[in-house]
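Participant: Quick one: sequence plus predicted model below, questions after.
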Amino acid sequence: MDIRTRLIRDATARPQDRRPVNPPIERGTTILLNRSADLFDDSRGPVYGLDGLSAHKALERGIAELEAASHVELAPSGLAAVTIPLTAMLGAGDEVLITDACYGPTRKFCSQTLKRYGVTARYYPPRSTPEEVMALVGEATRLIVLEAPGSLTFEVQDVPGIARLAKARGVATMIDNTYAAGLLFQPLNHGVDISVQALSKYVGGHSDVFGGAVAVNDAGTWRKVRAVIDEMGWYLSPDDAWLALRGLRTLPLRMAQHEAGALEAARWLEEQPEVLKVLHPALPSFPDHAVFKRDFSGSNGLFGVVLKPGLDGDRLIDSLELFGTGVSWGGYESLASPGDRMIARRSLKQDLGGSLVRLHVGLEAPADLISDLRRGLDALGR
């Protein structure tokens, strides 16, 4: 069945008795059981509210459909979805290799928290070939962290190639799959061991929920992830699980609209005299377009714009009226944020040739957004 059907069929499965389409929000802490022995029988279901109740279980099943996963664990934020498997897979003396185009807070966790616990992090250029990545693997390397497309600059790695060579060397792989939301790309089907995403973005879709998900197909890896969640207390609230589940049902429809609007805006921007280049992997002009087309079934609403030298990205952002100024993305609203200061934190310095502005195209009419962008570009010359 089509993914649009699979994400909804759980809601309409015939019940034994009357029930609402959506599961209830169960804000329970204590779960009452029939017998004392049931407290120690995991097969009978949750014994405490933190273990997840109706909305959690429905959301886990939905994310498993998206990610083609046998096991899904929920986290209280997208960052937690990243840090949980890093904590589960790494220990003192280990090393992790990470794409230099990773999500900024991932870098911060590795350089500060993991460093305190004796884990070394090294960063590789995001356009490294699989062979170049593997050339960096040493005896202490236990995990390779990918992100495709990369944060801010949208480089697309050869994920299947890196996963295949890493598996042959006995090194685990993990990918931040938030861009694809599990809908546009299924890393586990391409050999990746762990796929994580921020449910706060496209799955939630309404800029009103925090959450993350960790998806795996190996039972041993799942047990490690689950142990960290249990020991550290990193659980998703029932209200946030319910809100993310609400967004999940309409994800394919919203994503299609985000993609169409962003491509229309990106193609228009490519033709504007103030623009040096547009960083959108679905555009033929993008360096990694062929790899993107091979692995991804589509794109989302997020891309970058590099202005010609001397033009001020902050001024463009401040001149926009329909694009909000904010650092998140994946909601129904359009957003613009500056990228220069964020890419300056990378280990490998990158000169894009001009000021970088990241745009997220929401669900507004593309023609209105393009008119707003034209106003903003006009302001650069004043």
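Facilitator: Yep, that arrived. Residues are numbered from 1 along each chain as shown.
Participant: What distance do you get for V96 to C110?
Facilitator: For V96, the distance to C110 (CB to CB, to the nearest Å) stands at 7 Å. For every residue, glycine as well, the C-beta is placed using N, CA and C.
Participant: R375 now?
Facilitator: 40 Å.
Participant: Which one's more surrounded, these two?
Facilitator: For R375 versus C110, neighbours defined as other CB atoms under 10 Å are more numerous around C110 (23 against 14).
Participant: which residues does that one contact?
Facilitator: For C110, the contact set (CB atoms under 8 Å, 6 or more residues apart in numbering) comprises L86, V96, I98, V119, A121.
Participant: Spatially nearest residue to the last one (excluding sequence neighbours)?
Facilitator: Just to be clear, that refers to A121. Excluding its sequence neighbours, the residue lying closest to A121 (CB to CB, 6 or more residues apart in numbering) is C110, at 3.8 Å.
Participant: What of the second one?
Facilitator: In this structure, V96 finds its nearest non-sequential neighbour in L143, 4.7 Å apart by CB to CB, 6+ apart.
Participant: swap in the fourth one?
Facilitator: Counting by CB to CB, 6+ apart, L90 is the residue found nearest to V119 once chain neighbours are left out, at 4.9 Å.
Participant: in the stretch 151-300 of the chain, which spans are strands?
Facilitator: 172-176, 194-198, 212-216, 275-279 (DSSP state E, counting those that start in this stretch).
Participant: Single out the most deeply packed of those.
Facilitator: Using mean count of other CB atoms under 10 Å, the stretch among the strands of the stretch 151-300 of the chain with the largest mean neighbour count is strand 194-198, at a mean of 31.
Participant: And that one, what does it pack against?
Facilitator: helix 78-89, strand 172-176, strand 212-216 (3 or more CB pairs under 8 Å, 6 or more residues apart in numbering; DSSP states H and E).
Participant: Now the last one: average pLDDT?
Facilitator: Just to be clear, that refers to strand 212-216. Across strand 212-216, pLDDT averages out at 98.
Participant: do the same with the first one
Facilitator: Confidence for helix 78-89, expressed as mean pLDDT, is 98.
Participant: from now on call the first residue 39
Facilitator: In the new numbering, first residue 39, that becomes helix 116-127.
Participant: Please save the CA atoms from that helix in CSV.
Facilitator: Taking C-alpha atoms only, helix 116-127 is exported to CSV below (Å, rounded to 0.1, in the frame of the first residue of the first chain):
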residue,chain,number,x,y,z
GLY,A,116,15.2,16.1,17.9
LEU,A,117,18.5,16.7,19.7
ALA,A,118,17.7,14.0,22.2
ALA,A,119,17.1,11.6,19.2
VAL,A,120,20.6,12.3,18.2
THR,A,121,22.3,12.2,21.6
ILE,A,122,20.6,9.0,22.7
PRO,A,123,22.2,6.7,20.1
LEU,A,124,25.5,8.5,20.4
THR,A,125,25.5,7.8,24.1
ALA,A,126,24.3,4.2,23.5
MET,A,127,26.9,3.4,20.9
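Participant: so what's A294 up against?
Facilitator: By CB under 8 Å, 6+ apart, the neighbours of A294 are G336.
Participant: now do G400
Facilitator: H296, G299, G339, G369, Y370, E371, S372, L373.
Participant: any idea what sits nearest it, other than its immediate chain neighbours?
Facilitator: Using CB to CB, 6+ apart, the nearest residue to G400 is S372, at 4.0 Å.
Participant: out of the helices and strands packed on strand 232-236, nearest to K239?
Facilitator: helix 116-127 (7.0 Å; CB to CB).
Participant: buried sites along the closest one?
Facilitator: For helix 116-127, the neighbour count (16 or more other CB atoms under 10 Å) marks G116, L117, A118, A119, V120, T121, I122, P123, L124, T125, A126, M127 as buried.
Participant: so what's the fifth one up against?
Facilitator: The reference is to V120. V120 makes contact with Y141, P143, T144, F147, D214, V234, G250 under the criterion CB under 8 Å, 6+ apart.
Participant: Out of those, which is nearest to R52?
Facilitator: G250 (31.7 Å).
Participant: ok, the closest one touching P123?
Facilitator: No: G250 lies out of contact with P123 (CB atoms under 8 Å); the separation is 10.4 Å.
Participant: Quick check: neighbours shared by those two?
Facilitator: The contact lists of G250 and P123 share V234, where a contact means CB under 8 Å, 6+ apart.
Participant: Whichever strand or helix holds R180 packs against which elements?
Facilitator: For R180, the host element (DSSP states H and E) is strand 179-185. If you count contacts as 3+ CB pairs under 8 Å, 6+ apart, strand 179-185 packs onto helix 116-127, strand 133-137, helix 197-206, strand 210-214.
Participant: Is it possible to get JSON lines of the ones you listed that adds distance to V266?
Facilitator: Below are the helices and strands packed on strand 179-185 laid out as JSON lines (distance: least, CB to CB, whole Å):
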{"stretch": "helix 116-127", "distance to V266": "5"}
{"stretch": "strand 133-137", "distance to V266": "15"}
{"stretch": "helix 197-206", "distance to V266": "21"}
{"stretch": "strand 210-214", "distance to V266": "13"}
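Participant: Of all the ones you listed, which one is nearest V316?
Facilitator: strand 133-137 (21.3 Å).
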